[in-house]
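Participant: 3D model of this:
(chains A and B)
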Amino acid sequence: FLGEQCCTMKILTLLSLLATHLSASSVNIEENAGQFFSSGHTNNWAVLVCTSRFWFNYRHVANTLSVYRSVKRLGIPDSHIVLMLADDMACNHRNPKPATVFSHKNMELNVYGDDVEVDYRGYEVTVENFLRVLTGRLPPSTPRSKRLLSDDRSNILIYLTGHGGNGFLKFQDSEEISNVELADAFEQMWQKRRYNELLFIIDTCQGASMYERFYSPNLMALASSQVGEDSLSHQPDLAIGVHLMDRYTFYLLEFLEDIHPSSKANMNDLFKVCPKSQCVSTPGHRTDLFLRDPGSALITDFFGSVRKVEITMETINLTEPIQQVDGSVSDGSSVVPPGVHR
Amino acid sequence: PAPKPNQPTSFEATADKEDTSAPETVVQSSVPQPKDDFQEELVIRPLHSGDIYASFQFRTLWETDFMRGNKVSHYRLFPKSLGQVISKFSVRELHISFTQGYWRTMQWGQPFLPSPPGAELWVWFQDSVTDVDGTWKELTNVLSGIFCASLNFIDSTNTVQPSASFKPLGIGNVTDHRFLRYATLPREIVCTENLTPWKKLLPCGSKAGLAVLLKSEKLFHSSFHSQAVHIRPVCQDWQCKTTSWELRQTLNVVFDLHTPGQGKLEWSLFKMFSRTLTEACPLASSSKIYIDITDDPQGEQFEVSPATHLLSQAMVLGDRRTFSVYDLTQQITFGTVRSLNLLIRWKSSEDMLRPLLHAERYVAGYGLQTGEIHTLMYNNHPYRSFPVLLLDSVPWYLRLYIHTLTVTSKGKDNKPSYIHYQPSKDRVRPHLLEMLVQLPPNSVTEVTVQFERALLKWTEYTPDPNHGFYVGSSVISSLVPSIVAMDTNSTREQPLFSSFFPCKEESSYFMRVYTEPLLVNLPTPDFSMPYNVICLTCTVVAVGYGSLYNLLTRSFQIEEPSPGLAKRIANIIRKMRGVPPL
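Facilitator: Model prediction:
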């Protein structure tokens, strides 16, 4: 008798718990679904540039490749990444381990990997090509993989690394891009509606000077050092013989390795990466041009590629057979089957 | 050979794999199935220096017509990106190769598929193309996107139209050399970013079949690495009633004996590629590995394990070679462990046959004004002489003096029977020199030409001008007399490595040899000079003008110094008293 009462009590408590849990989770689902559509972007692009030539600038290529690796891991496909490397370190004849670029001493992490596509390499990485990629003013025969085909709903991540100074960044030891040119390029992009929001990260000496002149809306910028400070490299590897990475990007990579595609970490966490005790220089950031609150902007808004899904309730019939086209179609028209695009 | 039965479409293949009669009743639609075929092959040849040469070939044959009005839109084994390139740019033949390293003919013998260091691209266009130069420029841009290489640097300053070398390798009766373009980029670097898109063109990708062995960390840690794509139309049968498009992707690599650290003369698939094979590509109609055992038919010099009883003989490079064959489409090849790791161990090495034709090239002279290019061609045949076609493409900034061109064999003058020379035009086109030279038996022929270095404009220098400027390899094409009778029937079933170059006569075989590229220093200015000059001039002007201006316009006035605080207070009191100030 007591057992039956116990059972019903148990069942009642279980049911009530279940009900509250369901209502709570349904509230969560709605919240999640709401958040899903809250940010204004529908696609993500990344432009990653290493501007230094010569073997002793190995660390700049390693910087760029580690950001490339994180961005690919979090979901942005190769077709949406424009990777520019000014020199070849992996297959350089001085590299004791060919086809690898390491980010950590003792060769722990090969950021070059087995599946890398470099769009601009060697002598093609020039100020002119960089600005043309940003503004979209490329000659008509440029292939798709070398173009930034963003629209007004794209979030773009731009990462630059190399040697820089107060107000300029050196390309391949032979030319410079100034902060005024960069700011004007972003303004052109804004006027041509080529971005929704843009995150600009720069890891050079005196990097903060590069974002001083920005004046277009929806830009957020991070730099590894203030004006008058040098960005320092992290650690040399005695087997390879050069410094492997810069400090700021090293800690940035460490931070990004903990981010996964559904992470809720926001920009305020990114600003905390590499404090002065680790970086020796003072990283800076600029958010006054950014219209949203940085705390509401997720890391994956820029580093990841969150796919938007539309749920529909209607059914679609797929029973029609797919037409084979390779044959005699007399009237000249052709039915294109839903092919797979590379 | 009998025509192949209709291939079932991919979504029926899994169901109808065993039952070959069913597809013929299902596929009775009015539209014929595309007939395509894929074969893959790996040839391993131990070299006498202890190194090992591995050559992969992947061939896709497709009986279709890209040149028809209707666009081809259903691709199965043939990659779509290349099919679209062929139809859009009306390409008849396309050959592109990316090479890292230089093939050492004297130590390694002849390669199956020669290639020069850097990138090389040569294309025959269809005769329907009206603006060949414009199409060529667009084609190089598109290919640079497909292969992640800087092929967009190919322009009129490094493109030539050879008149006699580079005849079409596929079928083609039109040989108007206006439709041929040849360019080479000797500085082009080859790395994983070029291998990745190359692997993606294969039907099985790098996931099944022989392509799983292609791991970049091992492939680029080698003495020589070359990957290439060759597209050409071929005949399907003896009368050439049907033609198909052939796509060959080849990868040649020579692994150095001493790189992995061991000095033992022992190689295995795992040691070379850090992988073993577990299956053939399911889409391949043939998947074989050939190991060259010609030098040791009795098994005294080296041993191959696991042993195989399949042997094959092929006529390649003027020689009859014997190969052990491993057929990956047979499950028994993989044994009980379900994985194939070939082991080749040999005990001693002998001298190898000297190759009949090989060439060298170097720059002689001193200083930064003049120099001399020497090309040496060796004919090692004891009693036969044969003609060779030498193609030289020299950039415009090395101004060749053709009146100093000399060709000597055995100390005597050797006049070429055909010379085609197109002089360069500054910043527009390079020099093109083609000569047909008869090489006497057992001799060295030396071709020398003097040049002068030009001074480039400031903006034309690369960011690292002190590295030097490259001159592309010379190409030597020739029909070399062969020891054995070659097979002229091109439609017979033969392994891929012996069927690349078409064989028209039995007594000779076609060979192409590339020389080294040259690295030449041009007179390089000091690039910090403009900045220094501006600083110095501005300083001098400022100091000079400033001094002169001061002299002319400065005048001196006497002024009382301002009094101290005590004096000022005293002056105020005195003003109040009406007394004159201090």
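Participant: only C-alpha atoms for contact and neighbour calcs from this point on.
Facilitator: Fine.
Participant: in stretch B:125-142, which residues are buried?
Facilitator: Residues B:Phe125, B:Gln126, B:Val132, B:Asp133, B:Thr135, B:Trp136, B:Lys137, B:Glu138, B:Leu139, B:Thr140, B:Asn141, B:Val142 are the ones in stretch B:125-142 that count as buried (16 or more other Cα atoms under 10 Å in any protein chain shown).
Participant: quick one: the helices in the chain?
Facilitator: All of this refers to chain A. A:2-36, A:58-73, A:127-135, A:179-191, A:247-257, A:267-271, A:276-279, A:300-303 (DSSP state H).
Participant: the chain in question should be chain B.
Facilitator: Assigned by DSSP H, the helices in chain B fall at B:10-13, B:22-26, B:80-88, B:105-108, B:132-147, B:192-200, B:216-219, B:269-273, B:529-553, B:565-577.
Participant: can you spell out which helices and strands pack onto the third one?
Facilitator: Packed against helix B:80-88 by the contact rule (3 or more Cα pairs under 8 Å, 6 or more residues apart in numbering or on different chains; DSSP states H and E) you find helix B:132-147.
Participant: how about the residues of the stretch 151-300 of chain A by chain B?
Facilitator: A:Gln172, A:Asp173, A:Ser174 (Cα under 8 Å from any Cα of the partner chain).
Participant: circling back to that earlier point, JSON lines for the helices of chain B, including distance to A:Ser224 and mean pLDDT?
Facilitator: Listed next are the helices of chain B as JSON lines, based on distance: least, Cα to Cα, whole Å; pLDDT from 0 to 100:
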{"stretch": "helix B:10-13", "distance to A:Ser224": "53", "mean pLDDT": "36"}
{"stretch": "helix B:22-26", "distance to A:Ser224": "64", "mean pLDDT": "42"}
{"stretch": "helix B:80-88", "distance to A:Ser224": "41", "mean pLDDT": "92"}
{"stretch": "helix B:105-108", "distance to A:Ser224": "51", "mean pLDDT": "88"}
{"stretch": "helix B:132-147", "distance to A:Ser224": "33", "mean pLDDT": "95"}
{"stretch": "helix B:192-200", "distance to A:Ser224": "29", "mean pLDDT": "94"}
{"stretch": "helix B:216-219", "distance to A:Ser224": "32", "mean pLDDT": "91"}
{"stretch": "helix B:269-273", "distance to A:Ser224": "41", "mean pLDDT": "88"}
{"stretch": "helix B:529-553", "distance to A:Ser224": "29", "mean pLDDT": "93"}
{"stretch": "helix B:565-577", "distance to A:Ser224": "52", "mean pLDDT": "89"}
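Participant: for A:Ser178, which of these is the nearest?
Facilitator: Among these, the nearest to A:Ser178 by Cα to Cα is helix B:529-553 (17.2 Å).
Participant: that older thread, columns mean pLDDT on top of the helices of chain A, output as a markdown table?
Facilitator: Output for those, formatted as a markdown table (pLDDT from 0 to 100):
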| stretch | mean pLDDT |
| --- | --- |
| helix A:2-36 | 62 |
| helix A:58-73 | 94 |
| helix A:127-135 | 96 |
| helix A:179-191 | 96 |
| helix A:247-257 | 92 |
| helix A:267-271 | 92 |
| helix A:276-279 | 87 |
| helix A:300-303 | 91 |
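Participant: ok, back up a step: what subset of the residues of the stretch 151-300 of chain A next to chain B is buried?
Facilitator: A:Gln172.
Participant: so where's chain B uncertain?
Facilitator: Along chain B, the parts satisfying pLDDT under 70 run over B:1-34, B:68-70, B:173-174, B:259-264, B:297-301, B:347-352, B:490-492.
Participant: residues of it that sit close to chain A?
Facilitator: Applying Cα under 8 Å from any Cα, we find that chain B lies next to chain A at B:31-34, B:69-74, B:138, B:141-142, B:144-145, B:148-150, B:189-194, B:196-197, B:215-217, B:220-221, B:462-463.
Participant: would you mind checking those for buried ones?
Facilitator: B:33-34, B:70-74, B:138, B:141-142, B:144-145, B:148-150, B:189-194, B:196-197, B:215-217, B:220-221, B:463.
Participant: what number of residues lie near residue 296?
Facilitator: Went with chain A since none was named. 14 (other Cα atoms under 10 Å in any protein chain shown).
Participant: the chain in question should be chain B.
Facilitator: B:Asp296 has 13 nearby residues by other Cα under 10 Å.
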